[in-house]
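>>> structure of the sequence below:
(chains A and B)
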2 protein chains.
Amino acid sequence: MHRRTVFFVSDSTGVTAETLGRSLLTQFDTANFNQVTLPFVDTIDKADEAVATINRTAADEGERPIIFSTMVRDDIREHLLPVEGLFLDFFQTFISPLEAELGVRSSHASGKAHGLTNEAQYDERIEATNFALSNDDGAQIRDYNKADVILLGVSRSGKTPTCLYLALSYGVYAANFPLSEDELESGKLPKVLEPYRSKLYGLTIEPARLQQIRKERRSTGRYSTIQQVNYEIRAAEQLFKRCRIDFLDTTHSSIEEIASSILASTGIERRIRP
Amino acid sequence: MHRRTVFFVSDSTGVTAETLGRSLLTQFDTANFNQVTLPFVDTIDKADEAVATINRTAADEGERPIIFSTMVRDDIREHLLPVEGLFLDFFQTFISPLEAELGVRSSHASGKAHGLTNEAQYDERIEATNFALSNDDGAQIRDYNKADVILLGVSRSGKTPTCLYLALSYGVYAANFPLSEDELESGKLPKVLEPYRSKLYGLTIEPARLQQIRKERRSTGRYSTIQQVNYEIRAAEQLFKRCRIDFLDTTHSSIEEIASSILASTGIERRIRP
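From the prediction side, this is the model:
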């Protein structure tokens, strides 16, 4: 298979076109794709420019590009159609069956498509992000009554990025608390967490992978020896089991998958909806 | 239009199905949709369970649900087909034209679809997130040589969430530096930023919106008066213009849009690709 250029074309940020296009490309050998995003194509002039760019690529490479598009306005999308390549538009494909099913016409309103521009949603995400930042790594506990979830785990098990992702993507209030030598040795939860047992959720990870992550941070010392890592993870998992805290192995998961799994298994409601 | 229930069904996290479905739903009156995600439907038994859940909803509500699905495996997807409702599967629709265009068969590998599970990508995002956290709000400047971009703006203009989003979504190293009274009065950049002029990017916001955001944080005092907010924003924009720093008005943008606009206008390369 020859190398192809893939274009993500959108009248807005291009985030939706990228997310959808990439999930399709992962079904093929992705090493063969050169990826280019053309965002904010929201006028006929810009559509014509995009066509020129894509056709130039087709001519230069001697291979038809693949174009994933999310164009809401029919008149602008039509100007993309003379493009040299495989043109797949996500809205065009699904809007018609939806209109038929719902018995109404869609608004065809550009920019609105991504549904995240309203102020209330912005505010929710910012508040949740501020919450994650000020409740990171056990920094404070006085706001735990406001938390939707409190993640527990050993150092570098993925707590902080997961909390930030839950905040930015779902508006969920996520705090995190590191398991220290005290907890690991005693096998007991710290007293400050007792009132919040129903909000606790554990993260664990395979020892070899944790060692690798820790070594990138600090290459020498006990912190990143396999003995220490083995001990901490075994003690953390025993603590989770003894205290009946649900937990998840993050080793083979992306941050999105960890976040989705936590929502699915705890039933926490997302605050962000279109 | 009657209220409908919308299901996002996936063999993985459901993030792609939600992205697709929600961007389509914003073209209709979204107040009329009740949204339910059914993630990790990766066995035939789970598919049958999902069908039972959806059909129960259809019977209870007397309205056909709408199902957005991202099922990679044909055999599991087939078990969803007896569902009562409008069934739109993303992979089924687009994989065939892609296979024809590329002249190869797709892998049909479940879980792989979202393409973010590999360790190198996880590490990139974690490193970028750690960078954003330790370079937030001008906390340190010694790592600015590693930054892809350094955001400038007045307090609450959106710097921190934008940096975190750039890190988590794109693996981009983004620092941020608050414009203080010193810079706003003198109209000059602080000396520490001089060596990094090419990396600077400004955020601005309409005064009324900034005042609203600041009032949620601190309801009294000069910080959230319209006079102070007007002064700071005018001074910041003058500074950006005088120093020829590109800047963006974030008032009507989501965090995704701010991040995409910065990437589009600076040409910074994303570190994360499927």
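>>> figure out how far stretch A:234-248 is from the centre of its chain.
Offset of stretch A:234-248 from its chain centre (Cα atoms, centre = their mean, to the nearest Å): 26 Å.
>>> what do you get for stretch A:216-231?
Relative to its chain's centre, stretch A:216-231 lies at 28 Å (Cα atoms, centre = their mean).
>>> and for stretch A:101-111?
Relative to the chain's own centre, stretch A:101-111 is displaced by 27 Å; criterion: Cα atoms, centre = their mean.
>>> quick one: mean pLDDT over that stretch.
The average pLDDT for stretch A:101-111 rounds to 76.
>>> CA atoms only: put that stretch into CSV for me.
Listed next in CSV are the C-alpha coordinates belonging to stretch A:101-111 (Å, rounded to 0.1, in the frame of the first residue of the first chain):
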residue,chain,number,x,y,z
GLU,A,101,-36.5,9.3,11.7
LEU,A,102,-37.2,12.5,13.7
GLY,A,103,-39.6,14.0,11.1
VAL,A,104,-37.9,17.4,11.3
ARG,A,105,-35.3,19.3,9.3
SER,A,106,-31.9,19.9,10.9
SER,A,107,-30.7,23.4,11.5
HIS,A,108,-27.6,23.2,9.2
ALA,A,109,-26.0,25.7,11.4
SER,A,110,-22.2,25.9,11.1
GLY,A,111,-20.0,26.0,14.2
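>>> name the residues that touch it?
By Cβ atoms under 8 Å, 6 or more residues apart in numbering or on different chains, the residues outside stretch A:101-111 that reach it are A:11-12, A:42, A:72-74, A:76, A:95, A:98-99, A:117, B:1, B:4, B:27-29, B:64, B:66, B:86. C-betas here are computed from N, CA, C, even on glycine.
>>> looking at those residues, which are in strands?
Judged by DSSP state E, these include B:4, B:66, B:86 as members of strands.
>>> any idea what the second one is bridged to?
Put plainly, it is B:Ile66. B:Val6, B:Leu86 (DSSP bridges).
>>> list the contacts of it.
So B:Ile66 contacts A:98, A:101, B:4-7, B:21, B:33, B:85-86, B:88 (Cβ under 8 Å, 6+ apart).
>>> now do the last one
Taking Cβ under 8 Å, 6+ apart as the criterion, B:Leu86 is in contact with A:97-98, A:101, B:64-67.
>>> redo those residues as CSV? Include distance to A:Arg234.
Listed next are the contacts of B:Leu86 as CSV, based on distance: Cβ to Cβ, whole Å:
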residue, distance to A:Arg234
A:Pro97, 52
A:Leu98, 51
A:Glu101, 53
B:Arg64, 51
B:Pro65, 45
B:Ile66, 46
B:Ile67, 43
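>>> okay, helices next: where are they in chain A?
For chain A, applying DSSP state H gives helices covering A:15-25, A:44-61, A:74-78, A:90-102, A:119-134, A:159-170, A:181-186, A:207-217, A:226-242, A:255-266.
>>> number of nearby residues for A:Leu98?
Residues near A:Leu98, counting by other Cβ atoms under 10 Å in any protein chain shown, number 20.
>>> correction: A:Asp143
12.
>>> how about the one 5 residues further on?
A:Asp148 has 23 neighbouring residues, counting by other Cβ under 10 Å.
>>> give me every residue that touches it.
A:166, A:172-174, A:199, A:268.
>>> now with 6 Å?
By Cβ atoms under 6 Å, 6 or more residues apart in numbering or on different chains, the contact set of A:Asp148 is A:172-173, A:268.
>>> any idea how far chain B is from A:Leu97?
Leu isn't right for residue A:97; it's Pro. 6 Å (Cβ to the nearest Cβ, to the nearest Å).
>>> what's the answer for A:Ile226, then?
According to Cβ to the nearest Cβ, A:Ile226 stands 18 Å off from chain B.
>>> one more: A:Asp148?
Distance of A:Asp148 to chain B, computed by Cβ to the nearest Cβ: 16 Å.
>>> for that residue, give me the pLDDT.
Value listed for A:Asp148 in the pLDDT field: 97.
>>> for the stretch 151-274 of chain A, what are the low-confidence residue spans?
Across the stretch 151-274 of chain A, the ranges flagged by pLDDT under 70 are A:273-274.
>>> residues in it within reach of chain B, list them.
Within the stretch 151-274 of chain A, the positions near chain B by Cβ under 6 Å from any Cβ of the partner chain are A:161, A:164-165, A:168, A:254, A:256-257, A:260, A:264, A:274.
>>> of those residues, grab the buried ones for PyMOL.
In PyMOL syntax, the buried subset of these is picked out as below (16 or more other Cβ atoms under 10 Å in any protein chain shown):
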select buried, chain A and resi 161+164+165+168+254+256+257+260+274
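>>> nearest to A:Ile233 among the residues of the stretch 151-274 of chain A next to chain B?
Nearest to A:Ile233 among these, counting by Cβ to Cβ, is A:Pro161 at 18.5 Å.
>>> is that closest one in contact with B:Thr129, as I believe?
Yes. The criterion here is Cβ atoms under 6 Å, and A:Pro161 meets it with B:Thr129 at 5.0 Å.
>>> what do the two both touch?
Between them, A:Pro161 and B:Thr129 share no contacting residue under Cβ under 6 Å, 6+ apart.
>>> dump the helices of chain A to a markdown table, plus distance to B:Lys241.
As requested, these are exported to a markdown table (distance: least, Cβ to Cβ, whole Å):
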| stretch | distance to B:Lys241 |
| --- | --- |
| helix A:15-25 | 29 |
| helix A:44-61 | 25 |
| helix A:74-78 | 32 |
| helix A:90-102 | 38 |
| helix A:119-134 | 26 |
| helix A:159-170 | 31 |
| helix A:181-186 | 54 |
| helix A:207-217 | 41 |
| helix A:226-242 | 52 |
| helix A:255-266 | 38 |
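>>> out of those, nearest to B:Ser155?
For the helices of chain A, proximity to B:Ser155 was assessed by Cβ to Cβ; helix A:119-134 is nearest, at 12.6 Å.
>>> other residues contacting the closest one?
Helix A:119-134 has contacts (Cβ under 6 Å, 6+ apart) with A:163-164, A:167-168, A:171, A:173-174, A:271-272, B:161.
>>> is it possible to export those to TSV including distance to B:Thr37?
Converted to TSV, those look like this (distance: Cβ to Cβ, whole Å):
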residue	distance to B:Thr37
A:Cys163	20
A:Leu164	20
A:Ala167	18
A:Leu168	18
A:Gly171	15
A:Tyr173	19
A:Ala174	18
A:Arg271	14
A:Ile272	12
B:Pro161	23
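>>> check contacts around A:Phe240.
If you count contacts by Cβ under 6 Å, 6+ apart, A:Phe240 has them with A:202, A:247.
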